[in-house]
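Visitor: give me a 3D structure for the following:
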Amino acid sequence: MKTVLHKANTRGHANHGWLDAHHTFSFADYYHTDRMNFGVLRVLNDDRIAAGKGFGTHPHSDMEIITIPLSGALQHKDNMGNSTVIQAGEIQVMSAGTGVLHSEFNPNMDKEVNLLQIWVFPNKKGVEPRYDQISIQDIETHKGLKLILSPNAEDAGVWIHQNAWFHLGEFDRQTEETYTFKDAGNGLYVFVIEGEVFIKDYELKKRDGLGISETNHVDLKFGANSKVLLMEVPMFDI
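Guide: Purely as a prediction, here's the structure:
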């Protein structure tokens, strides 16, 4: 088993006043040659956006963009005609494909929004742009891992143009879980949203990340009530 550890306090950090962002991988002004990506997982940003602030209209292309609000809400608008508000307990996906323009703002004037924004390289370029948003609130009331993203439109959760599977899970302390890979050769990136997770000799705490490859399963033990995001992705060189 091959591993790469990213402790929370080693992430890139930028505080723009209205935006307080932590970058697991190189992003914007944060650049680290050893932290460009984990397989096709290119961006894992932990963003806090101040009340009433946000990202103005800007372009993307040929990227699968996933947004998971952890608290608060985010208003989305794009040139495909979508105008929605994404709440905590929902997941948003946007296939940028041939190109899309969008903006993201915190619509609340009295509290910040905390969200994870994740970028995944697609397995095909030049696709027609698409947008989807669904509720994943049932995960909050059921313990264990729940599928929230896959390559298949028929599965639970959203789908993307990549051979990737994301699971979100909540666990009580002193419980255990084994994750079995969906596709041999993929890697798994474990991101601890809350709590404490033990994997082999690693003790992971809030906002720590661990990339795991060259194995077909991962055993997880939870030392506290925990919430984790597991991202299984192809390990192709980019």
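
Visitor: most centrally placed residue in this structure?
Guide: The centroid of the chain falls nearest to Ile118 when counting by Cα atoms, centre = their mean (4.2 Å).

Visitor: and this protein, what are its domain boundaries?
Guide: Annotated domains of the chain cover 12-136, 139-234 [automatic domain parsing].

Visitor: span of the longest one from start to end?
Guide: End-to-end distance of domain 12-136: 29 Å, with Cα to Cα, to the nearest Å as the criterion.

Visitor: can I get the domains of the chain in JSON lines with mean pLDDT?
Guide: JSON lines is the format used below for the domains of the chain (pLDDT from 0 to 100):
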{"stretch": "domain 12-136", "mean pLDDT": "96"}
{"stretch": "domain 139-234", "mean pLDDT": "94"}
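
Visitor: just so I know, which of those domains lies nearest Lys2?
Guide: Between Lys2 and those, the tightest spacing by Cβ to Cβ is seen for domain 139-234, at 4.5 Å. Backbone N, C-alpha and C define where each C-beta goes, glycine included.

Visitor: contact partners for Ala224?
Guide: Neighbouring residues of Ala224 by Cβ atoms under 8 Å, 6 or more residues apart in numbering: Arg173, Gly195, Glu196.

Visitor: from these, which ones fall inside strands?
Guide: Of the contacts of Ala224, the ones assigned to strands by DSSP state E are Glu196.

Visitor: in a markdown table, list the contacts of Ala224 along with neighbour count.
Guide: Listed next are those as a markdown table, based on neighbours: other Cβ atoms under 10 Å:
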| residue | neighbour count |
| --- | --- |
| Arg173 | 12 |
| Gly195 | 19 |
| Glu196 | 17 |
